[in-house]
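would you be able to build a 3D model of this:
(one chain, ligands or ions: 3)
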Amino acid sequence: TPAAGGGAAAEALAAALAAVEAHEQELGRLDAVAGDGDHGQGIVRGLRAAVAAARGADPGDTADATGRALLLAGTALADAAGGASGALYGLLLTEIGGGLLEAGPVPVTAELLAPAVDAAFHAVCELGGGAVGEKTMLDALAPFRDTLLTHARAGTPLAAAWADAAAAATSAARATADMPAKRGRAARLGERGQGHADPGATSLALMATAVAGVLDG
Ligand code: ADP
Ligand code: MG
Ligand code: MG
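Ligands and ions are numbered 1, 2, ... in the order given. Presented below is the predicted three-dimensional model:
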């Protein structure tokens, strides 16, 4: 792991950014099916700001260093991305960051991360007034969280736990194609989005998968 500013968090966010950059057009097209088409642009803009903010944090791979970098990154993402997903992704990062910061100068494990992701999931539900089953990012985040919690209980090493959670998010994001939209802009257009995956669920799965590629241990 490089000693660059922001440490592990910056490295993970940079990997997530590269993945959404590579899929920016596709995310925009998915959002245009039943939304306003700006999800690709918004998430790329937000993650660029998040990476820059994380790089400004002290380097380090401990839970508290990662937490501090994620707090800066989440705030920057929400400010830069705009839109529903910007506020929700920003909160997701700051909530996970806050949970890790509390743990102090210890290694980041699945056992530490799973409850932080669980708390972040609940915070995102509350802010957006959403729930699982409404064809949103929550439909990818919930199985990601569930898988991480299961592995945390089993004592699975973080990289393997995260990879499995990312795989669960990826299948769940694909499965949103079969769901009618009930939330966000897409809901106003009723069934029009059916047959296409939700853009937010898709970006969440892309980011989770990219982060899996840079985690070790
Ligand atoms: P906007 O809808 O403001 O243009 P984006 O296009 O960036 O924002 O993001 C759209 C995505 O945000 C949706 O695909 C969905 O996954 C997610 N989303 C929107 N509203 C909510 C909500 N209330 N709860 C959870 N996720 C939501
Ligand atoms: Mg949009
Ligand atoms: Mg918009």
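
how much space separates the residue lying closest to Ala123 once chain neighbours are set aside from ligand 2?
Of all residues not flanking Ala123 in the chain, Glu95 sits nearest, at 4.7 Å (Cβ to Cβ, 6 or more residues apart in numbering). Using the backbone N, CA and C atoms, a C-beta is placed for each residue, glycine as well. Applying Cβ to the ion, to the nearest Å, the value for Glu95 to ligand 2 is 22 Å.

cool, Ala15 as well?
According to Cβ to the ion, Ala15 and ligand 2 sit 23 Å apart.

my guess is that residue contacts Ala210. True?
Yes - counting by Cβ atoms under 8 Å, Ala15 touches Ala210, with 4.3 Å between them.

so what does the helix or strand in which the residue nearest to Ala123 is found touch, helix or strand wise?
Here Glu95, judged by DSSP states H and E, is contained in helix 83-103. If contacts are counted by 3 or more Cβ pairs under 8 Å, 6 or more residues apart in numbering; DSSP states H and E, helix 83-103 sits against helix 39-55, helix 63-81, helix 110-128, helix 199-212.

try it again with 6 Å
Where contact means 3 or more Cβ pairs under 6 Å, 6 or more residues apart in numbering; DSSP states H and E, helix 83-103 is packed against helix 39-55, helix 63-81, helix 110-128.

in the second one, what's buried?
Judged by neighbour count (16 or more other Cβ atoms under 10 Å), helix 63-81 contains these buried residues: 63-78, 80-81.

chain center to that helix: distance?
In terms of Cα atoms, centre = their mean, to the nearest Å, the centre of helix 63-81 is set 12 Å apart from its chain centre.

tally up the residues packed near Tyr106, please.
For the record, residue 106 is Val, not Tyr. Residues near Val106, counting by other Cβ atoms under 10 Å, number 11.

what's the answer for the one 10 residues further on, then?
By other Cβ under 10 Å, the residues close to Ala116 number 24.

can you lay out the helices and strands packed on helix 83-103 as JSON lines showing distance to ligand 2 and mean pLDDT?
Compiled in JSON lines, these are given as follows (distance: least, Cβ to the ion, whole Å; pLDDT from 0 to 100):
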{"stretch": "helix 39-55", "distance to ligand 2": "5", "mean pLDDT": "98"}
{"stretch": "helix 63-81", "distance to ligand 2": "10", "mean pLDDT": "97"}
{"stretch": "helix 110-128", "distance to ligand 2": "14", "mean pLDDT": "98"}
